[in-house]
Structure formats: structure tokens, C-alpha cells
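Asker: Okay, here's the prediction I keep looking at, along with the sequence it came from:
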Amino acid sequence: MTAIAPTPATRPAPDDGHPRPLIGITSYQDDAAWSVWNQRAALLPQTYVDAVVRAGGTPVLLPPQPGEAGPLVDALDGLVLAGGPDLDPARYAAAPHPRTGPPHHARDDWESRLLHAALARDLPLLGVCRGMQLLNVELGGTLDQHLPDDTHQRVPARFVRHRVTLADDSRLAAALGPTTDVSCYHHQAVDRIAAGLRATAHAADGTVEALELTGHRFALGVQWHPETDPDDPRLFHAFVTASRSATHRETLR
């Protein structure tokens, strides 16, 4: 049998002799169809898995589930809060906007528990789109529930490409430079920023595109979708590198 070489999108980072950090990625619960089946499933776009593998990590999916998050987080070296549906506005004491999607209570509750457990342990954390919004809301911030139409989400299932400007002294700027082109797909955005968080990237229209939590080893969120851009792996490399150095599991031993 002829072996099939991995594509650039899935080719892992070179092995440097050290264990690959274990990276948890939150996932959807939704109906899905495969083969002859149509069932409820735990889902995650393959782009997240590929991005973690490319950066040198080992991805594991974390679907919504009951129980304590702490013991699970203890086994991880890093946590990705993936993109997904709108957060329940009740989590930031707001009435739902007509364009806000239906709540997903199980996922909101599960990711809230994961987030707080990760922050309590200073576990490296990367929030993507919804993940950044969750970080802001769980620390006391609020969201703008609907941006002007045809700005950051124009056509269903098609990303909007635009440039963002990064704060000079930020972790993001150290990884990406003063500006970078990103792929967005969101109709909500950060409104009031929670205490302890700092906006470190903005779009040309003023939309907050990134938040960083001061005083933590690596805790940041981006409004864009870096997992969809295999030609620019810098952010995932920075995150996995932070997860690799002084891993939480080694600290526990």
C-alpha cells in the first residue's frame, strides 16, 4: 500500500524530542449526518485540529458535558475556546436582540466551567470568536449583540477578510507584528470590556478584535478565525509554545 503524504494543512511540526502538549478544544453539540446516520453529535471544524497539529500540539475535543471541569483541565497543557453560536444574553444581564441566535445553555455552562478552571490554574488559553466573547462576558463584560449588516459577516459561510491593527506592547503584536490581515465571521462584538482585560487589536471601524488578560502566562482571545488560515500559523505556534513551556502536567508531578 502506498503511503499518502500529509498535506501542508495537516503536517505536524517537527519533533524536537519533547512531549507534544495536550490541547483541549471545545466543540459543538449539533445534529449531523454521515453514512446512513443522522444523529446528535459532538462536532468541530477540522481546521482547529489541523492548526493545533501544525503548531506541534496534540488536540483533544471537549464536548459539552456535566460534572467538574477542574480534573479535566489538570490533564491539559492548553485550552482553545472555539467559535460557535451566540452566547445567552442573560449571562451579561441583557435582553436578547431580535438577531441574536437561540441560547445553547449546555455549551455556555460547560465552557464557563472550563474557562474559570483554566484561569485558576494559569493554563494557556486561546479564545476564538465566540471564545473571546465568552472570556469577556465571564469576567464581567458585555457584548454588542448585532453589528451593522454587511460589515463583519456579509454572506453565509463566507469569511470577511480585513486588516487589524495591534497594540505595540501586546503579546499579539510580538507574534504577528503591528498589523495583520484576518478572516472574520461574526455579527456580535465586545461592548464593555471586563476589568483585567485589555483590547489589543482593532478593526478599521473600531471593533475590538482581540483581548488579553493581564497577569496570566497566556490568556487572550481574538475575534477572527486564525484556524482558517494555514498560511499564517503564527498565533497557534505562539499558543502551543506557551503550552509546551513549563507544562501544567509537569508542574503537577
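Answerer: Looks like it arrived, so ask away. Numbers count the residues shown, from 1 in each chain.
Asker: Verify the contact between Gly84 and Ala106 for me.
Answerer: No. At 11.9 Å, Gly84 does not count as touching Ala106 under the criterion of CB atoms under 8 Å. (C-beta placed from N, C-alpha, C; glycine too.)
Asker: The two - which one has more neighbours?
Answerer: Between Gly84 and Ala106, counted using other CB atoms under 10 Å, Gly84 has the larger neighbour count: 25 against 13.
Asker: Break down the stretch 151-253 of the chain into its strands, ranges please.
Answerer: Assigned by DSSP state E, counting those that start in this stretch, the stretch 151-253 of the chain shows strands spanning 160-166, 179-184, 189-190, 197-203, 208-213, 219-222.
Asker: in the fourth one, what counts as buried?
Answerer: Going back to what we said before, that points to strand 197-203. Leu197, Ala199, Thr200, Ala201, His202, Ala203 (16 or more other CB atoms under 10 Å).
Asker: mind putting those residues in CSV, pLDDT and distance to Gly131 included?
Answerer: Output for the buried residues of strand 197-203, formatted as CSV (pLDDT from 0 to 100; distance: CB to CB, whole Å):
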residue, pLDDT, distance to Gly131
Leu197, 98, 13
Ala199, 98, 16
Thr200, 98, 15
Ala201, 97, 15
His202, 97, 18
Ala203, 94, 18
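Asker: For the chain, give me the ranges with low pLDDT.
Answerer: Confidence mapping of the chain against pLDDT under 70 gives the ranges 1-17, 153-154, 157, 246-253.
Asker: What's the biggest helix in it, counting residues?
Answerer: When the chain is parsed with DSSP state H, its longest helix is helix 105-120.
Asker: what's that helix packed up against?
Answerer: Packing partners of helix 105-120 (3 or more CB pairs under 8 Å, 6 or more residues apart in numbering; DSSP states H and E): strand 22-26, strand 28-34, helix 70-74, strand 78-81, strand 125-128, helix 130-138.
Asker: could you dump those to a markdown table with mean neighbour count and distance to Gly57?
Answerer: Below are those laid out as a markdown table (neighbours: other CB atoms under 10 Å; distance: least, CB to CB, whole Å):
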| stretch | mean neighbour count | distance to Gly57 |
| --- | --- | --- |
| strand 22-26 | 24 | 4 |
| strand 28-34 | 13 | 20 |
| helix 70-74 | 15 | 15 |
| strand 78-81 | 28 | 7 |
| strand 125-128 | 27 | 11 |
| helix 130-138 | 25 | 16 |
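Asker: Now render these as JSON lines, adding distance to Phe159.
Answerer: Shown next, in JSON lines, are the helices and strands packed on helix 105-120 (distance: least, CB to CB, whole Å):
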{"stretch": "strand 22-26", "distance to Phe159": "19"}
{"stretch": "strand 28-34", "distance to Phe159": "18"}
{"stretch": "helix 70-74", "distance to Phe159": "30"}
{"stretch": "strand 78-81", "distance to Phe159": "18"}
{"stretch": "strand 125-128", "distance to Phe159": "13"}
{"stretch": "helix 130-138", "distance to Phe159": "15"}
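Asker: nearest to Leu62, of these?
Answerer: Judged by CB to CB, the one of the helices and strands packed on helix 105-120 that comes nearest to Leu62 is strand 22-26, at 4.7 Å.
Asker: So which residues make contact with that closest one?
Answerer: Under the contact criterion CB atoms under 8 Å, 6 or more residues apart in numbering, strand 22-26 has outside partners 44, 48-49, 52, 57-63, 72-73, 75-82, 84, 107, 110-111, 114, 131, 240, 243, 249.
Asker: let's go with 6 Å and repeat that
Answerer: Here strand 22-26 makes contact (CB atoms under 6 Å, 6 or more residues apart in numbering) with 48, 52, 57-62, 76-82, 111.
Asker: In the sheet, which strands lie alongside that strand, parallel or antiparallel?
Answerer: Next to strand 22-26 in the sheet, as set by DSSP bridges, lie strand 58-62 (parallel), strand 78-81 (parallel).
Asker: In CSV, list those along with distance to Gly215.
Answerer: Listed next are the strands paired with strand 22-26 as CSV, based on distance: least, CB to CB, whole Å:
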stretch, distance to Gly215
strand 58-62, 25
strand 78-81, 17
